[in-house]
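**Student:** Pasted the sequence and its predicted model underneath.
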Amino acid sequence: MSTGPVDDPHDRTEPGGDGPALTVAAVARRLGVAPATLRTWDRRYGLGPSEHHAGAHRRYAPSDLDRLLVMRRLTIDGVAPAEAARLALAADVAAGPPPRSDDLTARLPTVPTPSGAPTPAVATDAPPAGRAAGARGVVELVDAALTGRGDRCVALLDLGAVDDLAAWWTGLVQPAFAALARRTVVERPGVDARATLVGGVLAALRARTAAPPAADAAVVLLLPVPGETRPVVAHALAAALVDGGVDARLVAGPVSTRHAGELALMTRARAVVTVSEAPAPDLSVVAALARERDDLPQFVMVPEVAGERVPLDRSVHRARTLTGLVHEVLAVVAQAAPL
């Protein structure tokens with residue numbers, strides 16, 4: 001379950017112990033996994049409860065929980081379960097249990113670097129230390145989202161010291177969304193891990209773009225795709241354009257081909273951008289706008305599988321990456337700037 005640690009009436013602190021001995025259900029709640037998963041890890045890999053008391057089921061000691069947190073973190077990172085279990089069993093948890101906290105990542109003990117483990121998706125131009133920090137950031141961000149800690153997500157996503165917003169997206173936010181998409185969780189009413197992460201991302205981007213644009217800033221419109229929910233990456237793109245001195249405006253609600261032309265004319269847009277994550281996006285508005293305004297540059301970013309659907313012509317261009325899209329749009333805007 002994706003809620004954070006709660007006081008459990010079945011948690012028992014044993015005399016002389018250094019923390020509560022936990023039931024399977026209590027540990028499952030803290031890790032955000034099903035009890036059946038814990039039993040599988042116990043049966044297959046030996047990551048089970050180590051304490052046994054007369055007249056009671058075996059219970060998890062604090063050191064058992066620490067090893068399970070290592071297992072959970074590594075599997076989120078894409079490490080194979082057998083390798084993750086080996087590393088969890090080898091992890092140094094002898095330093096004593098960390099303080100109990102709603103932030104699960106505060107409990108993660110030191111773990112050896114997995115040999116041959118897949119590299120998490122982080123910015124490829126980062127140095128090795130930066131990639132390691134990026135991987136840790138992804139794990140912490142996923143944990144915060146799973147435990148419903150919106151405040152923690154906002155803190156982890158802070159853009160105050162970030163220069164390259166596109167790298168922030170591709171190295172931290174995008175891998176976190178991908179990790180969440182691979183997880184099956186059981187949530188309480190009102191708890192939504194993805195919505196918590198989305199809220200943190202939007203809060204960070206609002207703070208980044210709080211200052212009003214310059215009066216003479218060029219306008220770039222980001223149009224929605226008919227029938228689709230606007231992807232979060234569109235907000236990251238708009239914020240990156242704002243960083244480049246553009247007045248980026250995201251259009252919400254239904255937009256017909258007629259509306260698109262009117263909006264472009266009304267705002268005196270220098271370029272129009274359409275972003276979709278769907279495998280078969282409806283790009284009819286892009287095609288119609290190109291026929292109506294062949295002098296208005298349009299940029300389209302879609303998944304590779306949808307590349308052939310882009311109505312390429314003299315004014316419509318396809319971008320394959322967020323970084324490339326930002327650079328192309330800023331270049332076109334600069335060329336079109338009045339003398």
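**Tutor:** Great, that's in hand.
**Student:** by contact count, what packs against the host helix or strand of residue 83?
**Tutor:** Using DSSP states H and E, residue 83 maps to helix 81-90. In this structure, helix 81-90 makes packing contacts with helix 35-45, helix 62-76, judged by 3 or more Cβ pairs under 8 Å, 6 or more residues apart in numbering; DSSP states H and E. Quick note: C-beta positions are derived from backbone N, CA and C, even for glycine.
**Student:** Go through that helix and flag the buried ones.
**Tutor:** 81, 83-88 (16 or more other Cβ atoms under 10 Å).
**Student:** For the chain, which segments count as helices?
**Tutor:** When secondary structure is read from DSSP state H, the chain shows helices at 24-31, 35-45, 62-76, 81-90, 128-146, 150-156, 165-168, 174-181, 193-208, 232-243, 257-267, 284-292, 322-335.
**Student:** Compile those helices into a markdown table and extend it with columns for distance to residue 309.
**Tutor:** As requested, these are exported to a markdown table (distance: least, Cβ to Cβ, whole Å):
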| stretch | distance to residue 309 |
| --- | --- |
| helix 24-31 | 42 |
| helix 35-45 | 40 |
| helix 62-76 | 33 |
| helix 81-90 | 38 |
| helix 128-146 | 31 |
| helix 150-156 | 34 |
| helix 165-168 | 24 |
| helix 174-181 | 22 |
| helix 193-208 | 26 |
| helix 232-243 | 18 |
| helix 257-267 | 16 |
| helix 284-292 | 9 |
| helix 322-335 | 17 |
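**Student:** Generate CSV for the ones you listed, with distance to residue 300 and mean pLDDT as supplementary columns.
**Tutor:** Listed next are these as CSV, based on distance: least, Cβ to Cβ, whole Å; pLDDT from 0 to 100:
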stretch, distance to residue 300, mean pLDDT
helix 24-31, 41, 84
helix 35-45, 41, 88
helix 62-76, 32, 82
helix 81-90, 39, 83
helix 128-146, 28, 70
helix 150-156, 30, 93
helix 165-168, 17, 92
helix 174-181, 19, 92
helix 193-208, 22, 96
helix 232-243, 12, 96
helix 257-267, 13, 89
helix 284-292, 6, 93
helix 322-335, 9, 90
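**Student:** wait, residue 166 sits on residue 236?
**Tutor:** Yes - between residue 166 and residue 236 there is a contact under Cβ atoms under 8 Å: 7.5 Å.
**Student:** okay, these two: which has more neighbours?
**Tutor:** residue 236 (25 against 20; other Cβ atoms under 10 Å).
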